[in-house]
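In: The sequence and its predicted three-dimensional model are supplied below.
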Amino acid sequence: MPRLFKKKHEAKKSLWRRAVELALTDVRVMGGNMDHATLETLEERLLAADFGVPATLRLVDHVEDLTRRGKVRAGRELAQALQDELRRLLTEGPDRELQAADAPPTVYLIAGVNGVGKTTSVAKLAHLLKQEGQSVMVAAADTYRAGAVEQLGVWAEQIGVDFIRGQQRGDPAAVAYDAIDAAIARKTDVVLVDTAGRLHTNRGLMEELQKVDRVVRRRLEGAPHESLLVLDATVGQNAVNQARAFSQAIEITGLVLTKMDSTARGGIVVALQEEFSLPVKLVGTGEGVADIQTFDPEAFVEGVFAEE
């Protein structure tokens, strides 16, 4: 987790002046130890940790308001004020729990760009669901990369879940349709549809994803019950661009962040919540099939401010 208050960061172009202009405030009213320099340091650290501009503005505005009212005067009070506001921000909006159908099968559509760990995340989620007593079917709707299909097939066999694949270069939507048919016949609890990795700037592939989504909706009322976007936590604000593009193509209901164990800039969690109201539902914490867990906002906030 990021340690926002442990290290100095290189000076950046000040966002504080923009915050002053937007909030029509005057930093000279700051009292005690909370001065202009402290707030500039706060903003720099939030931006360096990938909180993004909207969330940083919200947090700095909040601290500035509390300072003017005499409720924040020193560093310890600042940390507590930030923790409280982060908790509020991360608990706003949609439920973080994975949604399930009233009657099986539950269908999850998994999307993301190439190289973010999407297929591995599908395998991890299959393992997690099986550990919770659910029967699982994995549908390899990536009909373009034979290697991806083979990889997912190996994972499915190792985990012990059903596996459906289509013809290479076949119709991905047909694979999803067939998987739902098979799941209904076998009374499977959960279907995970692994779509092809695609650049969010490729219009043709995004339209293909929309077709998969439409076919799933037509085949089973209420499906997909989750449309999860897999993002690499180490790419920073590029993840925001990906989330924006995929959200314009289909109705994304939640996020899976991979490589959280490889970044000290976990503020991307906050940036995505603030800008899109998209909850992070799962986080990848390693390369093993068991290295996935549900996202805990309280643990995240505590981790941000934890002492080493």
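Out: Thanks, I have it.
In: so what's residue 55 closest to, chain neighbours aside?
Out: Take residue 55 and drop its neighbours on the chain: the residue closest to it by CB to CB, 6 or more residues apart in numbering is residue 274, 4.0 Å away. C-betas here are computed from N, CA, C, even on glycine.
In: All the strands of the stretch 201-308 of the chain, residue numbers only.
Out: Counting by DSSP state E, counting those that start in this stretch, the segments of the stretch 201-308 of the chain that form strands are 226-232, 254-258, 280-284, 292-294.
In: and these as TSV, adding distance to residue 178 and mean neighbour count?
Out: Formatted as TSV, those follow (distance: least, CB to CB, whole Å; neighbours: other CB atoms under 10 Å):
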stretch	distance to residue 178	mean neighbour count
strand 226-232	19	25
strand 254-258	24	26
strand 280-284	26	23
strand 292-294	26	16
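In: Can I get the ones you listed in a markdown table including distance to residue 70 and mean pLDDT?
Out: Shown next, in a markdown table, are the strands of the stretch 201-308 of the chain (distance: least, CB to CB, whole Å; pLDDT from 0 to 100):
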| stretch | distance to residue 70 | mean pLDDT |
| --- | --- | --- |
| strand 226-232 | 40 | 96 |
| strand 254-258 | 38 | 94 |
| strand 280-284 | 35 | 92 |
| strand 292-294 | 39 | 91 |
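In: Any idea which of these gets closest to residue 69?
Out: For these, proximity to residue 69 was assessed by CB to CB; strand 280-284 is nearest, at 31.7 Å.
In: which secondary structure elements does the closest one contact?
Out: Applying 3 or more CB pairs under 8 Å, 6 or more residues apart in numbering; DSSP states H and E, we find strand 280-284 packed against helix 118-131, strand 226-232, strand 254-258, helix 268-276, strand 292-294.
In: starting at the chain centroid, how far to that strand?
Out: Put simply, strand 280-284 sits 6 Å off its chain's centre (CA atoms, centre = their mean, to the nearest Å).
In: got the angle for it vs strand 226-232?
Out: For strand 280-284 against strand 226-232, the angle by axes from the mean of the first three to the mean of the last three CA atoms, to 10 degrees is 50 degrees.
In: and the residue nearest to residue 55, what pLDDT?
Out: Reading off the confidence values, residue 274 has pLDDT 90.
In: so what's it up against?
Out: Shown in contact with residue 274 (CB atoms under 8 Å, 6 or more residues apart in numbering): 52, 54, 55, 58, 89.
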